[in-house]
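> Pasted the sequence and its predicted model underneath.
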Amino acid sequence: MAGRPFRGPLGSLHEQVLDGAVRVVRTPTERHAAHVVHAAAPSAARSPARPRPITPAREAHWTGPLIRPRRLPSRRVPLDAPPHRPAETLFPPGELEVIVTTWTDRADDRVGGRPLSLAAAGGIDRAAHHRLDEAWLAAAWSHPTTRVFVVSGGQVLIDETEDGATELVMTPSFEAPPTEAHRYFLGIDAGGVRYFALQKDSLPGRMDQSARPAGLREAGLLLSSRDAALMAHAVALENWQRLHRFCSRCGERTVIAAAGHIRRCPACGAEHYPRTDPAVIMLVRDDKDRALLGRQVHWPEGRFSTLAGFVEPGESIEQSVRREVFEEVGVEVGEVDYVASQPWPFPSSLMLGFMAQADSSDITVDGEEISEARWFSRDELRAAFETGEVLPPSGISIAARLIELWYGEPVPRPRNTPA
């Protein structure tokens, strides 16, 4: 989404505070809080930093240094706020300085409007304040509109609707399979419907035999954003519950609390919360605007993707990006731009996506994690896709979206992947 000159009632901000050229990037979704302002600093205070080239992937960014925002008070923005609601109506006068955007604010326009899989809330309010209210949970469970689905081994039942869409197989709570403790409260939708997941040793059957089991890698591409969000939440909780049954402090078996979101130790009183492991995933570009893609040692020939790795203790995510790239392929990275995040419950990762600018181009693979790495121009990657030399990335992963943001269009889908 290209920037446009800023006009309107905040003109005084332009003249008195920024004193320079201003561009506003409007977010394409209704859930973003405000417009985003990028500006060149006043000439007298302009940094001597190296200019940043305007490439197709940076067309909405100003070439000068960005003015950093001060911390703004936290405010909730109504979910039904219009997509182009003026920024000045969201923050009182004097509080709006400069608000920073990310690459994903323009991602939908850039790659055909496909949202990032698993990353949307899907209209579900998790209503965490109800998790310790046993009376409320009991009433919610018994409500006739409440819907329940079963999760087992990372799989759920999915089914096709009459119009060809795919949905989670959910039932009213009074029809749900009996269970004792493995009941997870997932949230409430805008219509007031409560959602629960039941963790069972196996998935239930269906009288019509039309439903089938599916894991998140498949179902995440088929389901609506609401159902995908519910499934991702349930699978993440199931993975954590399965792997963290004992107290890390005293070794006693723990019990489930807070509607599946806490495991409590009856012996020492310790409370354990769901684990999330941050991992960085990055598309590295060089000064020729080529993309660096690598192949892991256990991947088949031709499968290339972005580089990735876990954040280490005491390390910032920017440091992690630079360290991982250098360790895996020997390329030094300078500038790092955040793009978006994606829950990845396999079993408990949170993928933090970045665009990174290489300061060197010589590749030396480590041979332990990465067996091959190459620089690709857009034309080279397009030709490699067409000949089959490079296999398309999985559509559900944020890796595919990072590549598409640079590539400028959707990449081919792997065979047998839903469109």
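Now that the structure is in, tell me what you want to look at.
> Check the gap between the closest residue to Gln155 other than its chain neighbours and Arg242 for me.
Nearest residue to Gln155, sequence neighbours excluded (C-beta to C-beta, 6 or more residues apart in numbering): Pro213, at 4.5 Å. Heads up, the C-betas are built off the backbone N, CA and C, glycines and all. The gap separating Pro213 from Arg242 is 17 Å, by C-beta to C-beta, to the nearest Å.
> more neighbours, the two?
Set side by side, Pro213 and Arg242 show more neighbours around Pro213, with 17 against 13, by other C-beta atoms under 10 Å.
> which SS state does that one fall under?
strand (DSSP: H, G, I helix; E, B strand; the rest coil).
> still on that earlier bit, quick one, grab the pLDDT at the residue nearest to Gln155.
On pLDDT, Pro213 comes in at 93.
> show me the contacts for it.
When contacts are counted by C-beta atoms under 8 Å, 6 or more residues apart in numbering, Pro213 touches 155-158, 203.
> Rank those by pLDDT and give me only the lowest.
Among the contacts of Pro213, Leu203 carries the lowest pLDDT, at 81.
> what sits up against stretch 158-178?
By C-beta under 8 Å, 6+ apart, stretch 158-178 touches 141-150, 156-157, 195-196, 198, 200, 204, 206, 210-214, 219, 222-224, 227, 230-231.
> I'd like to know which of these are part of strands.
147-150, 156-157, 195-196, 198, 212-214 (DSSP state E).
> Just the buried ones among these, please.
With burial judged by 16 or more other C-beta atoms under 10 Å, the buried subset of those is 147-150, 156-157, 195-196, 198, 213-214.
> any chance of those in CSV, with distance to Glu271 too?
Shown next, in CSV, are these (distance: C-beta to C-beta, whole Å):
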residue, distance to Glu271
Arg147, 29
Val148, 26
Phe149, 27
Val150, 27
Val156, 28
Leu157, 32
Tyr195, 24
Phe196, 22
Leu198, 23
Pro213, 33
Ala214, 33
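> Looking at those residues, which is nearest Ser348?
Closest approach between these and Ser348, by C-beta to C-beta: Val156, at 18.0 Å.
> So that closest one sits against Val148, correct?
No: in this structure, Val156 is not within contact of Val148 by C-beta atoms under 8 Å, at 11.3 Å.
> State the pair within the contacts of Pro213 that is farthest apart.
Farthest pair in the contacts of Pro213 (C-beta to C-beta) is Ile158 and Leu203. Separation: 10.5 Å.
> Out of the contacts of Pro213, flag the one nearest to Ala135.
Looking across the contacts of Pro213 and measuring by C-beta to C-beta, the closest to Ala135 is Val156, at 28.6 Å.
> So what sits opposite that closest one in the bridge?
Beta-bridge pairing of Val156 under DSSP bridges involves Ala214.
> quick one: the helices in the protein?
11-12, 107-110, 134-142, 216-222, 225-243, 317-329, 378-387, 398-407 (DSSP state H).
> Residues touching the longest one, excluding its own?
Yep, that's helix 225-243 we're talking about. 115, 117-118, 120-124, 126, 149, 151-152, 154, 156, 167-168, 182, 184, 186-187, 189, 195, 197, 199, 216, 219-220, 223, 256, 260-261, 263, 274-275, 343, 345-348.
> again, 6 Å this time
118, 120-124, 151, 154, 156, 167-168, 184, 186, 195, 197, 199, 216, 220, 260, 274-275, 343, 345, 347 (C-beta atoms under 6 Å, 6 or more residues apart in numbering).
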